[in-house]
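Asker: the sequence and its predicted three-dimensional model are supplied below.
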Amino acid sequence: MQIFWSLRWFFQKEWLAYSVGIGILMLVSALALLPPYAAGRVVDQIAEGTLTVGDLQYWAVLLLGAGILMYIFRYIWRIMIFGAAIRLAKLLRSRLYEHYTKMSASFYNRRRTGDLMAHSTNDIKAVEQTAGIGVLTLVDSIAMGGFVIAAMAFTISWQLTLLCLLPMPLMAAATSIYGNILHHRFGQAQAAFSELNNKVQESVSGIRVTKAFGQEKAEVAAFSRQSDKVVEKNENVARVDALFEPTISLVVGISYFLAVFFGARFVIAGDLTIGELTSFTVYLGMLTWPMLAFGLLFNIVERGRASYGRIESLLEEKQDITDERAEYSSIPTGSINVVIESCHYPEAEQASLQDISFYVQKGETIGIAGRTGSGKTTLLKLLLREMEDPLSRIEVDGVSAASYQLDSYRMAFGYVPQDHFLFSISIADNIAFARPDASFKEIVHAAKTAHVHEDIINMEYGYDTIVGERGVTLSGGQKQRLAIARALITDPEILILDDSLSAVDAKTEESILSHLQRERHNKTTWIVSHRMSAIKHADQIVVLENGRQIERGTHDELMKDHRWYADMYDMQQLESLVEKGGKDGAPG
Ligand SMILES: Nc1ncnc2c1ncn2[C@@H]1O[C@H](COP(=O)(O)OP(=O)(O)OP(=O)(O)O)[C@@H](O)[C@H]1O
């Protein structure tokens, strides 16, 4: 029952709905005592031969009234209690979603998407049930059970009641044992469901790889194994779940036997009327539901406890990057000073970046080059405040990046990542993602700058074309250019292209870069690229190797140095020439 205590903040918040709901639920329980009482009285009057038509009419009107009242009351408590439970689910879902949006990349590295989805669906459902059916079963098992036992004990015979309640401890012991087993098995079932979610998510995302390698059968078999595991774990839950009802029926059956066996003797001895015994047995039958509710309560509460624990532990995970040191709510506009003594990923032993220092003036274009794994993306993560390291200092407009409120800081950036994600919405909406109020003219302008306008208007539905999940209907180059248009729509102070031109040909790359130069002459642009032609015109170029800055200067300066940059540039030029010679095409 600890879960009810954990959810007390919600019950306090919804005190009115729960007070009215529980109050009415108790009234229904009390009204339900009337029919067995009436039946007993009528039986006694028949036995005594005193029953009149008037009496019958009286009971009929009373029972009809009680029936109508119960009908209305049952409707009201359902709205009150189940309605509040739905609101709890909504609240938890919003909290989780908000939490997800605040968490940094390292959180998503640690947690798998399938788990996060399971928390947002199944776990929330289990907690919702606790706040709805859980409360109903708790109140019903206590109130209805209590009222029925009180009616049996105080209006009929406390001795017979005591006798009939003798098997109850048996039920309490059994349900407690079942409850413990259930908790354990439910945890396993949930974990298996999370695994299944992960499997589905990975299989769908990686379907093209699976097909390319002809691994469909192996994937189907792996999915089937995971699915079997979910079934097995849920069957384990069902096996314990299935014990509740037979146990309760057995206990009620024993009670019936005791009621009839001893009740008949009481009637013969004249301690009980036949009508009272009739009422008593009907009351006993009414105890089945509270007892069932009690068993159900264990089940629901155990599920709720396990699920709420998982949701809470997720919500308690601290954000890596916070606004704790924020002093400024303005959007930074300009110069960036980078001084990195060293930068470590939390779980890594070696530093990913070391001894880096350069200054980018407002309006400059900076190119970052280096082999794969040299630290380019890590540098961008520091700049975008996706990670922090006390030995890394990024200053924007002369103050530490951490002094800006995260929201306003990030508004300064337009970031085009390597892995561009497009939403399953129209092309126009994808471009306007960061500025939903952008006019169509602005959207077209951004698309033209990113050199994707022609492609779009050649599509059947133009800007209204819906892009499938991850943009499956578009080519890699089209997706890249759409992602650039999306970054351009906010006209960001600092635009970051993280190897974002790799899938476009050299001519298009040149055209996009010259558009950018013209459009953004007063704004800063960072270009990370494996292709030296993309950064050749930058005001300065920084070359990284093994996390260290090994070269810095303009294209001409670096060419004179004859080091890594110059070698790469010459090699790529040569490749391009060879390709052009071969088919008059372009490199990349
Ligand atoms: N999440 C992480 N945890 C630990 N180490 C990481 C993590 N991400 C990257 N690294 C390590 O940091 C170093 C720099 O990686 P980074 O991704 O910044 O390189 P990169 O130059 O962007 O490579 P690429 O051009 O392939 O994108 C590499 O040694 C990499 O293994």
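Answerer: Now that the structure is in, tell me what you want to look at. Just so it is clear, the structure is predicted and the values come from calculations on it, not from any experiment. Residues are numbered from 1 along each chain as shown.

Asker: now what about the helix or strand bottoming out on mean pLDDT in the chain, what contacts it?
Answerer: Lowest by mean pLDDT, DSSP states H and E among the helices and strands of the chain is helix 105-110, with a mean of 77. Helix 105-110 has contacts (C-beta atoms under 8 Å, 6 or more residues apart in numbering) with 317, 320, 345-346, 381, 386-387. Heads up, the C-betas are built off the backbone N, CA and C, glycines and all.

Asker: could you do stretch 384-392 as well?
Answerer: Residues outside stretch 384-392 that contact it (C-beta under 8 Å, 6+ apart): 104-106, 320-321, 339-345, 353, 378, 381-382, 394, 401-402, 406, 409-410, 413, 415, 496.

Asker: ditto for stretch 497-510
Answerer: Contacts of stretch 497-510 (C-beta under 8 Å, 6+ apart): 376-377, 380, 415-418, 420, 451, 475-477, 479-481, 483-484, 487, 512-513, 525-531, 533-534, 576, 585-588.

Asker: hmm, it touching the ligand?
Answerer: No. Using C-beta under 6 Å from any ligand atom, stretch 497-510 stays clear of the ligand, coming no nearer than 6.6 Å.

Asker: ok so, going back, quick check, nearest of the contacts of helix 105-110 to the ligand?
Answerer: Y345 (3.4 Å; C-beta to the nearest ligand atom).

Asker: secondary structure element for that closest one, which one?
Answerer: In this structure, Y345 sits in neither a helix nor a strand according to DSSP states H and E.

Asker: thinking again about what came up before, out of the contacts of stretch 497-510, who's near the ligand?
Answerer: Contacts with the ligand within the contacts of stretch 497-510, as defined by C-beta under 6 Å from any ligand atom: 376-377.

Asker: now a ChimeraX select for only the buried ones of the contacts of stretch 497-510.
Answerer: Those of the contacts of stretch 497-510 that count as buried under 16 or more other C-beta atoms under 10 Å are selected in ChimeraX with:
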select :376,377,380,415,416,417,420,451,477,479,480,481,483,484,487,512,513,525,526,527,528,529,530,531,533,534,576,586,587,588
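
Asker: now list the buried members of the contacts of stretch 384-392.
Answerer: The buried subset of those - by 16+ other C-beta under 10 Å - is 104, 106, 320-321, 340, 342-344, 353, 378, 381-382, 394, 401-402, 406, 409, 413, 415, 496.

Asker: doesn't N430 fall inside a strand?
Answerer: No. Using DSSP: H, G, I helix; E, B strand; the rest coil, the secondary structure at N430 is helix, not a strand.

Asker: for it, what are its contacts?
Answerer: 422-423, 467, 482, 486.

Asker: and it, what pLDDT?
Answerer: The confidence metric pLDDT takes the value 89 at N430.

Asker: just V43 next, same as before
Answerer: Per-residue pLDDT puts V43 at 91.

Asker: grab the nearest non-local neighbour of it.
Answerer: G275 (3.9 Å; C-beta to C-beta, 6 or more residues apart in numbering).

Asker: which element is that neighbour on?
Answerer: helix 274-286.

Asker: any idea which helix or strand comes after that helix?
Answerer: Next along the chain after helix 274-286, taking DSSP H and E as the criterion, comes helix 288-316.

Asker: go through that following helix and flag the buried ones.
Answerer: For helix 288-316, burial by neighbour count (16+ other C-beta under 10 Å) applies to 288-311, 314.

Asker: same question, stretch 2-10
Answerer: 3-4, 6-7, 10.

Asker: ok, and what's touching that stretch?
Answerer: Outside stretch 2-10, the residues touching it (C-beta under 8 Å, 6+ apart) are 11, 84, 88, 91, 127, 130-131, 134-135, 138, 301, 304-305, 308, 312.

Asker: could you single out the nearest of the residues you listed to the ligand?
Answerer: E312 (26.3 Å).

Asker: relative to helix 288-316, how tilted is the longest helix seen in the chain?
Answerer: The residue-count maximum for a helix in the chain (DSSP state H) belongs to helix 216-268. Interaxial angle of helix 216-268 relative to helix 288-316 (axes from the mean of the first three to the mean of the last three C-alpha atoms, to 10 degrees): 140 degrees.

Asker: and the angle from helix 216-268 to helix 274-286?
Answerer: Going by the same axes, to 10 degrees, helix 216-268 makes 160 degrees with helix 274-286.

Asker: elements contacting helix 216-268?
Answerer: Contacts defined by 3 or more C-beta pairs under 8 Å, 6 or more residues apart in numbering; DSSP states H and E place helix 216-268 against helix 158-165, helix 168-205, helix 274-286, helix 288-316.

Asker: please produce TSV containing the ones you listed, extended by mean pLDDT and distance to the ligand.
Answerer: As requested, those are exported to TSV (pLDDT from 0 to 100; distance: least, C-beta to the nearest ligand atom, whole Å):
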stretch	mean pLDDT	distance to the ligand
helix 158-165	92	62
helix 168-205	85	19
helix 274-286	91	61
helix 288-316	85	20
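
Asker: could you chop the chain up by domain?
Answerer: Split into domains by automatic domain parsing, the chain comes to 15-316, 334-405+535-588.

Asker: looking at the ones you listed, which is closest to D437?
Answerer: domain 15-316 (20.3 Å; C-beta to C-beta).
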